[in-house]
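Novice: Sequence and predicted model, in that order:
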Amino acid sequence: MTENGTDQAQDRTGLRSRLSDLAEIFRWTEGLASRYAIPANVQFAMDICLEEVLSNIIRHGYADEEDRSVIVGFTVPRAGYFVLVVDDEAPHFNPLDIPDLPMANPYEETHLGGQGIRLLRRFADALTYESTPNGNRLRIGFSDLQ
């Protein structure tokens, strides 16, 4: 997001709603890391967050309907800060409204699923959600300050 509050993507990519297409996103973030000097730890965090967000959009938002669209934008609003913007046309869903699950107890039975939002909150430095007329927009910010 720029200083005036708008997203002006410096780079963007689109994918179809197939889990097999997620591999393209990782090649895209690798290219971003090269072009914008994104540190390896930030690229890793971006990949984790995108995998969680995009797989949830595909599996839950689009209910595995193939050939739906997801657009991912990228911008550098200021030095050392990187923002991904994910736009989809799924039913409105604000992941920030979901409470964290309790931490898993190693002595109790654990269940798969439900950890994506925890990972998103853990690896992103900032998250904002906006419902759009056509779906959802999630902004995910990453700082290279350690």
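Specialist: Received it, and whenever you're ready, just let me know what you need.

Novice: so what's the residue nearest to residue 98 when sequence neighbours are not counted up against?
Specialist: Once flanking residues are discounted, residue 98 sits nearest to residue 117: 5.2 Å by CB to CB, 6 or more residues apart in numbering. Backbone N, C-alpha and C define where each C-beta goes, glycine included. Contacts for residue 117 (CB atoms under 8 Å, 6 or more residues apart in numbering) come out as 52, 95, 98, 100.

Novice: Find the nearest non-adjacent residue to the first one, please.
Specialist: This means residue 52. Spatial nearest neighbour of residue 52, chain neighbours left out: residue 116 (3.9 Å); criterion: CB to CB, 6+ apart.

Novice: these two touch, right, that neighbour and residue 54?
Specialist: No - using CB atoms under 8 Å as the test, residue 116 is too far from residue 54 to be in contact (10.4 Å).

Novice: Comparing those two, which shows the higher neighbour count?
Specialist: Counted by other CB atoms under 10 Å, residue 116 and residue 54 do not tie: residue 54 has more neighbours, with 21 against 18.

Novice: Now the host helix or strand of that one: buried residues?
Specialist: Assigned by DSSP states H and E, residue 54 belongs to helix 40-56. Using 16 or more other CB atoms under 10 Å as the test for burial, helix 40-56 gives 42-43, 45-54, 56.
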